[in-house]
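Colleague: got a structure for you, letters missing:
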């Protein structure tokens, strides 16, 4: 296990331990809802958003462990988005991370509510924080809500929904959709770390460029995996993008060109955080690690 | 038009003017999402939550007009909850406020996203506020997210979903469901006004009792209207609770008993705010106004 993999594994372990105790049932009559929320929240996954957040704080010289609640709020938002994306009215997926999707287990109505509950709880969790002053926490909420909302992630999802079945949205459309679905949250994660660490403007700018390029690497390698990976790697059937006639970097360009683009964005991400020095080692290693998945 | 009706009408007008300009389209590709969000947000309704919030601020001696964004955030949360409640997987309603429900116009996927967008935007709107210090705004976000989340409104909705088709949840079950679906938000509205006006603890307590009793009056009169009102009064078919075998104050008790309970809670609400004096006139008039609808 190289240092990047070791870092990912260690952080995943502490995040999952924290997630385990995040949503205790306070009202027994609401227990089925909490069960549905926890089912998806605790279903594994790479935990890349909270890990990135903790790693950025460490790169900025902060002790990251006091920010676990904030990290987990990011995972709650991610988990909500997956539950709603998988719904029959959206991507209609039966499997997620190798397990039946939320609505396949708990029914559609409960899955919608589990997503609603996770999203709302994320903001409660953030607003409860005392690890930074109220100004900084408020700024984090503003950044995350903007990124997750109609101008960001929900907008990207709506664009995806409307363009489904016509794979002809073009390069600009693809960028817009991917930025909305992945990039804006990566950028928000880095912004939040910058806010909480009171990083100077120049450093925040560095983190934004990193987030943007890393988001791109992440999305392109995901597209490549969907086209060429195995079901075991993906936790869901391969080729679902092609089946749904979805525009991806592989369908719009070619496999070779997609790999080249992923490499370019990974290099730019690495270059962006070079000035941060030794404390940013994981941030520098991560893009290469994402590339290895598709080599 | 009596003073209570005049107050309601005047506030509804300013709130709707404010809602009109709340969600401008910033990315043309996301315009269909904004259209779906605005469709429900601007579809009328009583606007009771934002009006209550503004009235509470005025009762506490505050100039309420600077808090319009906060008031509208409350309406965004309410509007999201209606869109999701109406979905086929939930109550499966075709009409809301006399108009086709969101999913009937825009499709189920877009309706889910419109709700997600409104909920997330509400928190962005709150976090953007500069009308109070960051501590107070943070406390408002905490209160609203808690009330709207899994321990509150989403929990109530999940309980409703699971108990549908068996009208035998009993008095405690009915109270739990109603508190979750209506009461907690009314209480949050009053809490938020108390926080922003920096009201003393005794006054906040008064507002909590008022919120609780008014919420009860509101819900019982709604149940009575569903059983006895006209389609024009309701904006949707009458008798839907009976049709869906839903527990209501009318089905669990009787029409006469429900009317008596509504009267009792209205009286308690009025009594609660008596100490607030002349500035609380609207808060004192409102319970009686709700009762008149079912007399």
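Modeller: Arrived safely. All of these numbers come straight from a predicted model, not from anything done at the bench. Residues are numbered from 1 along each chain as shown, chains lettered A, B, ... in the order given.
Colleague: can we go C-alpha only for contacts and neighbour counts from here?
Modeller: Will do.
Colleague: where does residue A:165 land on pLDDT?
Modeller: The model reports residue A:165 with a pLDDT of 66.
Colleague: what of residue A:152?
Modeller: At residue A:152, the model reports a pLDDT of 97.
Colleague: over to the one 4 residues further on?
Modeller: pLDDT, the model's per-residue confidence, is 95 for residue A:156.
Colleague: that one is in what secondary structure piece?
Modeller: Element membership for residue A:156, per DSSP states H and E: helix A:153-163.
Colleague: same question, residue A:199
Modeller: For residue A:199, there is no host helix or strand (DSSP H and E).
Colleague: residues in contact with it?
Modeller: With contacts defined as C-alpha atoms under 8 Å, 6 or more residues apart in numbering or on different chains, residue A:199 is in contact with residue A:60.
Colleague: now with 10 Å, please.
Modeller: Residue A:199 is in contact with A:57, A:60-61, A:191, A:193, A:205, counting by C-alpha atoms under 10 Å, 6 or more residues apart in numbering or on different chains.
Colleague: may I see these organised as CSV, with secondary structure, pLDDT and neighbour count added?
Modeller: As requested, the contacts of residue A:199 are exported to CSV (DSSP: H, G, I helix; E, B strand; the rest coil; pLDDT from 0 to 100; neighbours: other C-alpha atoms under 10 Å in any protein chain shown):
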residue, secondary structure, pLDDT, neighbour count
A:57, helix, 98, 25
A:60, coil, 98, 21
A:61, coil, 97, 14
A:191, helix, 98, 24
A:193, helix, 98, 28
A:205, helix, 97, 16
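Colleague: looking at those residues, which is nearest residue A:293?
Modeller: Nearest to residue A:293, judged by C-alpha to C-alpha, of the contacts of residue A:199 is residue A:57 at 25.7 Å.
Colleague: what distance do you get for that closest one to chain B?
Modeller: To chain B, residue A:57 is 22 Å away according to C-alpha to the nearest C-alpha, to the nearest Å.
Colleague: dump the residue contacts of the spatially most central residue of chain A.
Modeller: Closest to where the C-alpha atoms of chain A average out (C-alpha atoms, centre = their mean) is residue A:49, at 4.7 Å. By C-alpha under 10 Å, 6+ apart, the residues touching residue A:49 are A:55, A:71-75, A:77-78, A:182, A:185-186, A:188-190.
Colleague: number of residues surrounding residue A:64?
Modeller: Close neighbours of residue A:64, defined as other C-alpha atoms under 10 Å in any protein chain shown, add up to 18.
Colleague: excluding chain neighbours, what is closest to it?
Modeller: Spatial nearest neighbour of residue A:64, excluding adjacent residues (C-alpha to C-alpha, 6 or more residues apart in numbering or on different chains): residue A:54 at 5.4 Å.
Colleague: residues near that neighbour, how many?
Modeller: The number of residues packed near residue A:54 is 26, by other C-alpha under 10 Å.
Colleague: isn't it right up against residue A:67?
Modeller: Yes - using C-alpha atoms under 10 Å, residue A:54 is in contact with residue A:67, at 7.6 Å.
Colleague: between those two, which contacts overlap?
Modeller: Joint contacts of residue A:54 and residue A:67 (C-alpha under 10 Å, 6+ apart) are residue A:193.
Colleague: just the element for the residue nearest to the centre of chain A, please.
Modeller: helix A:48-59.
Colleague: so the following helix or strand past that helix, near chain B or not?
Modeller: As assigned by DSSP H and E, the chain's next helix or strand after helix A:48-59 is helix A:68-86. Yes - using C-alpha under 10 Å from any C-alpha of the partner chain, helix A:68-86 reaches chain B at A:80-81, A:84-85.
Colleague: how far off helix A:153-163 does helix A:68-86 point, in degrees?
Modeller: Helix A:68-86 and helix A:153-163 meet at an angle of 20 degrees, taking axes from the mean of the first three to the mean of the last three C-alpha atoms, to 10 degrees as the criterion.
Colleague: contacts for the helix or strand just after the helix holding residue A:156, please.
Modeller: Once the chain leaves helix A:153-163, the next helix or strand it forms, by DSSP H and E, is helix A:170-178. Helix A:170-178 is contacted from outside by A:152-153, A:155-161, A:163, A:167-169, A:179-181, A:183-184, A:215-216, A:218-220, A:246-249, A:252-253, B:27, B:29-30, using C-alpha under 10 Å, 6+ apart.
Colleague: filter these to the buried ones?
Modeller: Neighbour-count burial (16 or more other C-alpha atoms under 10 Å in any protein chain shown) applied to the contacts of helix A:170-178 gives A:152-153, A:155-161, A:163, A:167-169, A:179-181, A:183-184, A:215-216, A:218-220, A:246-249, A:252, B:29-30.
Colleague: closest point of the stretch 151-295 of chain A to chain B, which residue?
Modeller: Closest residue of the stretch 151-295 of chain A to chain B, C-alpha to the nearest C-alpha: residue A:155 (5.5 Å).
Colleague: which elements pack onto the helix holding residue A:156?
Modeller: Helices and strands touching helix A:153-163, by 3 or more C-alpha pairs under 10 Å, 6 or more residues apart in numbering or on different chains; DSSP states H and E, are helix A:68-86, helix A:134-148, helix A:170-178, helix A:184-196, helix B:31-41, helix B:108-127.
Colleague: between helix A:31-41 and the first one, find me the angle.
Modeller: Counting by the same axes, to 10 degrees, helix A:68-86 points 90 degrees away from the direction of helix A:31-41.
Colleague: avg pLDDT for helix A:68-86?
Modeller: 98.
Colleague: just after that helix, pick out the following helix or strand.
Modeller: strand A:95-96.
Colleague: picking that back up, scan the residues of helix A:68-86 next to chain B and report the most crowded one.
Modeller: residue A:84 (28 neighbours).
Colleague: ok, it to residue B:111 distance?
Modeller: From residue A:84 across to residue B:111, the span is 11 Å (C-alpha to C-alpha, to the nearest Å).
Colleague: next one: residue A:149
Modeller: Taking C-alpha to C-alpha, one finds residue A:149 at 14 Å from residue B:111.
Colleague: residue A:254 too?
Modeller: According to C-alpha to C-alpha, residue A:254 and residue B:111 sit 35 Å apart.
Colleague: one more: residue A:19?
Modeller: According to C-alpha to C-alpha, residue A:19 and residue B:111 sit 29 Å apart.
Colleague: who's more crowded, residue A:254 and residue B:111?
Modeller: Relative neighbour count places residue B:111 above the other of residue A:254 and residue B:111, with 27 against 13, counting by other C-alpha under 10 Å.
Colleague: for the residues of helix A:68-86 next to chain B, which one is nearest chain B?
Modeller: Distance to chain B across those (C-alpha to the nearest C-alpha) is lowest for residue A:84, with 7.9 Å.
Colleague: pretty sure the closest one contacts residue A:96?
Modeller: No - assessed by C-alpha under 10 Å, residue A:84 is found out of contact with residue A:96, at 11.9 Å.
Colleague: low-confidence ranges, the stretch 51-200 of chain A, go.
Modeller: Residue ranges of the stretch 51-200 of chain A with pLDDT under 70: A:165-167.
Colleague: which residues touch residue A:4?
Modeller: Shown in contact with residue A:4 (C-alpha under 10 Å, 6+ apart): A:10, A:281-289.
Colleague: could you redo the last one with a cut-off of 7 Å?
Modeller: A:282, A:285-286 (C-alpha atoms under 7 Å, 6 or more residues apart in numbering or on different chains).
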